[in-house]
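**Q** Quick one, fold the following:
(chains A and B)
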Amino acid sequence: MKRKISSFLLPAAAVIILFILWEISISIFAIPAWKLSRPTEIAMALFRDYKEILPAVFYTYTNVIIGFVLAMTVGLSLGSFINGNKLAGVTLTPYVNLLCTIPLITIVPLLMLWFGIGRPIIILTIVIQSFPIMNFNCCVAFANVDPLRLELMDSFKVGKLKRLYYCILPDAIPGVFTGIKLSAILSILSSITAEMTGGNQGLGAQINVFVAFLKMPQAMACIFYIALLGLVLYYSISHIEARIMKTRNNEGEQAS
Amino acid sequence: MLDNFFLLENIQKSVYTNEGKTIRVLDQVDINVENHEFICIMGPSGCGKSLLLRIMGGIDNMSGGKISFKGNVYEDGIDKQTKSDFGYVFQHDNLLDWRTVYQNVHLPLEFDKKSNTKKTDERERILNVLKLVGLDAYEKSYPRELSGGMRQRTAIARALVHNPSILLLDQPFGALDAITRKILSYELLKIWHREQKTVIMVTNNIEEALLLSNKIYVLSRKPSNVTHIIDVPFTYDERWTNLLEHPEYEAVTEELTGYLSERSEHENAHESQDNHSTVKSLDHYLASLGDIDHRVSC
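**A** Next comes the predicted model:
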């Protein structure tokens, strides 16, 4: 219990100290507001300009969540398919992994050219950018499943789907969750990039507008919301993972 | 004479090495198992005895030969329906970490589509086998909470739960310490006697083989054949007394030790012909099958 409290309190304290130092240094070094805003100004912008910021927050959050869930589904399904089908694996894997390395900013203009602008295009961008990393991690985790476990399944001679459900997937949970975390991060990055490059709505576009008018505290307030989404997503996923892994990793107390 | 309960004729198995060479591991293996027998298979390290057991259980396929089981002939190995008549125990318990003892034992029933047993019947069945291996108090424990011996007991319970006719054990006590090994051997003897199963076990331990089995098949080095069949002369009750004092114990032990350390001229010639790297990669293959046990006494 003590450890749980300190694991929350210590990072919180660190953030507060950082904000105080930030606030003080701006006064001491006389940094102009258009270069760097004070934390207090950002906090005020959060409340004062909520009418401009909140719709953008809602737009971006829904896109990220939809895109992330889709990317997760596509990545996991494709990973399972590749795992059960050697030929498909050999054929597809290089191209899917190639998608990991293509910088998103280069494909957004192309996608816009083909499909126009708007919500679907942003979600599509998120999926394209986030599913390969999910697929990649799933494939690695599935391929590393203990061969003895697979032999156990062979001794019952079960079909591919049951094999996946009863053995491969549970065994590969840690690797799959690494993929989920990475694809959550990439989902946020790619949605903001897409909005900044070619959107007229959402936090990315809103930041562009605020910066153009030198409204730095408001732009920083938008960044705050992006960071918040990242934190919430990351910790929810970690929490789910910890609950699943709880039965396996705890030190055995009954061991004799 | 033959009751054709479980008959392996001319079983052959070749494996492919990384260099594209074919190596014959099982040459022509004939084994005749009668109902309710306890058979042990012994042989030098790397002779393919685990592989043979995997073929019996339908985990690996054979390159040639045929298997007869309960009057049916299987040319391509045991089929899916028949598999539920086998229970397989691995060298390492091979439990699923994310399932409790109860859920692990439940696994074969989940795959057994034919059985329309009710939940309550299933539960009774599982608790019965857990009682049989002495783990009825641990149904809610996870494998990580159990000792090595208890994990292997769970694995035995899992192999028994769907009531198979044949129990296949691949060096089941190899990873356990000597005392646990002894205790579990006696428990297996009791289970075999009480449940009237046919048991086929691969082992490297002479003492264990003599304590448990009615018949010991000795395999030669690869390409392996059955070189000797030993009838173990002890009755069930005698096995519970001190076998070391049995008048025939020493003679049988010596006979078996002699067979296991024997190298025929044919085998010597074969060994020297072998390309060294090929042997290495074959060993690698067999190690991946969990077959290599360096404690073999030969």
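**Q** quick one: contacts for residue 52?
**A** Just going to use chain A. Residues counted as contacts of residue A:52 (CB atoms under 8 Å, 6 or more residues apart in numbering or on different chains) are A:206, A:218. No exception for glycine: its C-beta is placed from N, CA and C like everyone else's.
**Q** actually it's chain B I care about, not the one you picked
**A** Counting by CB under 8 Å, 6+ apart, residue B:52 touches B:11, B:13, B:26, B:29, B:41, B:202, B:219.
**Q** switch the cut-off to 7 Å
**A** B:11, B:26, B:29, B:41 (CB atoms under 7 Å, 6 or more residues apart in numbering or on different chains).
**Q** Now the second one: closest residue in space, sequence neighbours ignored.
**A** Nearest-residue entry for residue B:26: residue B:13, 4.0 Å, with adjacent residues in sequence omitted and distances by CB to CB, 6 or more residues apart in numbering or on different chains.
**Q** For residue B:126, grab the count of nearby residues.
**A** 22 (other CB atoms under 10 Å in any protein chain shown).
**Q** where's it, which helix or strand?
**A** Element membership for residue B:126, per DSSP states H and E: helix B:119-132.
**Q** quick revisit: can you flag the buried ones in the contacts of residue B:52?
**A** B:11, B:26, B:29, B:41 (16 or more other CB atoms under 10 Å in any protein chain shown).
**Q** among those, which are in helices?
**A** Within the buried ones among the contacts of residue B:52, no residue falls in helices by DSSP state H.
**Q** got TSV for the residues you listed, with pLDDT too?
**A** Formatted as TSV, these follow (pLDDT from 0 to 100):
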residue	pLDDT
B:11	87
B:26	87
B:29	88
B:41	92
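**Q** Residue B:191 contacts residue B:132, doesn't it?
**A** Yes - under the criterion of CB atoms under 7 Å, residue B:191 makes contact with residue B:132 at 6.1 Å.
**Q** before we move on, back to that, identify all contacting residues around the one helix or strand the residue nearest to residue B:26 maps to.
**A** Using DSSP H and E, residue B:13 falls within strand B:6-16. Strand B:6-16 has contacts (CB under 7 Å, 6+ apart) with B:22-33, B:48, B:51-52, B:55-56, B:62-69, B:166, B:198, B:282, B:285.
**Q** Tell me which of those fall in strands.
**A** If you go by DSSP state E, the contacts of strand B:6-16 have B:22-33, B:64-69, B:166, B:198 in strands.
**Q** List buried residues within those residues.
**A** B:23, B:25-27, B:29, B:31-33, B:65, B:67-69, B:166, B:198.
**Q** Next, the contact list for the closest residue to residue B:231 other than its chain neighbours, please.
**A** Closest residue in space to residue B:231, ignoring its immediate chain neighbours: residue B:215 at 5.8 Å, by CB to CB, 6+ apart. Contacts for residue B:215 were tallied using CB under 7 Å, 6+ apart; they are B:37, B:39, B:229-232.
**Q** Out of those, who's the most crowded?
**A** Counting by other CB under 10 Å, top hit in the contacts of residue B:215: residue B:39 with 23 neighbours.
**Q** closest to residue A:24 among the contacts of residue B:215?
**A** The shortest approach to residue A:24 among those belongs to residue B:39, at 82.7 Å (CB to CB).
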